[in-house]
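> Below is the sequence, then the predicted model.
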Amino acid sequence: MTVLTKLGIGMMSGLLILLTMVVMHHGIALAASHSGGGHRCINGYVWREAFPGDYVCVTPQQRSQVAYDNSQAPYRVDPSGGPYGPDTCLNGYVWRQIISTDHVCVTPQERSQVAYDNSQAPSRYQGTGVPIDPGTALNPASN
């Protein structure tokens, strides 16, 4: 099973994550061109894109961190399993929980950052309303 498959990320989204990591590493700014309900992030923020449909606006550095955490996911789980089965994190890591089924293992500080970004999402969009997709942390009815 590939890392992308384990994370529920398709090939195109995986390529987008890789491209994001390269772009952010080299400090290149690109405009996002896929659906977000026609909404855009305010200046200085970009879509997090931890998985398809994740349109929470975060700093470019945070999006890079999320992409890096996704790439490290298979190395942060306990290979012998544990109380949470194959998703049991190694010591020092916790589930990120962007949504309730997000079991990417990250540091506790990163999980706190994700929770903060989720709480700030409505204030980081341009336009009216918030682009909420089913399954995102901003749509608790789907969790």
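Here it is on my side, so go on. Numbers count the residues shown, from 1 in each chain.
> just checking, Ser123 is part of a helix?
Yes. Under DSSP: H, G, I helix; E, B strand; the rest coil, Ser123 falls within a helix.
> what element comes up after the lowest-mean-pLDDT helix or strand in the chain heading to the C-terminus?
The weakest-scoring helix or strand in the chain, judged by mean pLDDT, DSSP states H and E, is helix 11-25 (a mean of 43). Sequence order places strand 40-41 as the next helix or strand after helix 11-25, per DSSP states H and E.
> That following strand: partners in the sheet, and parallel or antiparallel?
strand 125-126 (antiparallel) (DSSP bridges).
> what pLDDT, on average, does the strand it pairs with get?
The pLDDT scores in strand 125-126 average 90.
> Likewise for stretch 71-81?
Mean predicted confidence for stretch 71-81 is 95.
> Can you name every helix or strand that the helix or strand containing Ala67 contacts?
If you go by DSSP H and E, Ala67 is part of helix 60-72. Secondary-structure packing of helix 60-72 (3 or more CB pairs under 8 Å, 6 or more residues apart in numbering; DSSP states H and E): helix 11-25, strand 46-47, helix 108-120. C-beta here means a position set from N, CA and C on the backbone, and glycine is covered the same way.
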